[in-house]
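Novice: Predicted model follows, preceded by the sequence.
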Amino acid sequence: MEISPLCDAVGVTISGVQLRELTSEAAAEVDAAWNEHGLLVFRDQELDETGHVRLAEQLGEIDVNRFFAAVDGFEQIADVRKEVGDELNIGGGWHTDHSYDSDPARGSILVARDVPPVGGQTRFLSTTLAWQTLSDELKERVATLDAVHSSEHIFGPNSGYAKRMGDRFSNATAVNTNVHPVVIAHPVSGQPCLYVNPGFTTSVVGLEPDESKELLDTLLVHIAKREHAYELAWEPGMVAMWDNRSTWHWALNNYEGHRRQMHRITLAGVALGRAKVSQYA
Ligand SMILES: O=C(O)CCC(=O)C(=O)O
Ligand SMILES: [Fe+2]
């Protein structure tokens, strides 16, 4: 197995491994690389739906997404799909998945099934690097704060976005809201990560609405900087795994007239604790 960086900011590419026949030693190496680097990219894979489920089960417990339509015959696999006539795609803005849950999902394994001939890239960025590049003043200000995360405005019964997604979303009444620290310790690496995102974070606990909005905007603009990010161009046979705690992602909607289909399996995560950054607290 060979591991090499995708760029200076986030992620590695792993070669010399076939994910459909991963030994337990190789699975442990992939698992460790995933926790360390946040984003793993594998090329030239031959992973059918059964192999995808088997791989996920080697790496953890599956968290079935309750809002996404599933692939026929595989309730564990979310169908991340945009047909030629669809206007919106899934994940078409910076976000991290499942931050609205009490124990947010660890991350996902995404398999390219139908890649458009142009566009359809996914951007990823490192929230670990975004913490490191934050000013000392802001580090000190946010280290003890918590933020509210909700799925209601995205997946809920009054979401215009969900209405426009048609049968790709369901279960609108299963929406929820939870609070997490703004600066979490990655559950395995212990690295501090800035854990707010434009998709699901709605406010900072204990601040007046305008102060909360101003602080969130400042943090989100900082995190979204190009120097924290990488743009992944998908190829047939490509598989990517991202960590929801240490990365954000954004699926570009730039392939009008073409179809794109990805299969996603999400792995369960744990409750998130505050990073010990006492030098700033
Ligand atoms: O289609 C993609 O590249 C990712 C979409 C997304 O946000 C997700 O599956 O969580
Ligand atoms: Fe997503």
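Specialist: It's in. Ligands and ions are numbered 1, 2, ... in the order given.
Novice: which residues does whichever residue of the stretch 51-200 of the chain sits closest to ligand 1 contact?
Specialist: Scanning the stretch 51-200 of the chain for the residue nearest ligand 1 gives residue 91, at 2.0 Å (criterion: Cβ to the nearest ligand atom). Where you see a C-beta, it was placed from the backbone N, CA and C, and this is true even at glycine. Under the criterion of Cβ atoms under 8 Å, 6 or more residues apart in numbering, the neighbours of residue 91 are 80, 122, 249, 250, 251.
Novice: go again using 6 Å as the cut-off
Specialist: For residue 91, the contact set (Cβ atoms under 6 Å, 6 or more residues apart in numbering) comprises residue 251.
Novice: Could you do residue 78 as well?
Specialist: 65, 68, 264.
Novice: and what of residue 33?
Specialist: Residue 33 neighbours (Cβ under 6 Å, 6+ apart): 3, 40.
Novice: go with 8 Å
Specialist: Contacts of residue 33 (Cβ under 8 Å, 6+ apart): 3, 12, 14, 40.
Novice: Which of the helices or strands spans the residue of the stretch 151-281 of the chain found nearest ligand 2?
Specialist: Closest to ligand 2 within the stretch 151-281 of the chain is residue 249: 5.6 Å, counting by Cβ to the ion. In the assignment (DSSP states H and E), residue 249 maps to strand 247-251.
Novice: Tell me how many other residues crowd residue 203.
Specialist: When neighbours are defined as other Cβ atoms under 10 Å, residue 203 has 20 of them.
Novice: follow-up on the earlier one: now which of the contacts of residue 78 would you call buried?
Specialist: Among those, those classed as buried by 16 or more other Cβ atoms under 10 Å are 65, 68, 264.
Novice: helix/strand/coil for the residue in the chain that ligand 2 sits nearest to?
Specialist: Of all residues in the chain, residue 91 sits closest to ligand 2, at 3.8 Å by Cβ to the ion. When classified by DSSP: H, G, I helix; E, B strand; the rest coil, residue 91 comes out as coil.
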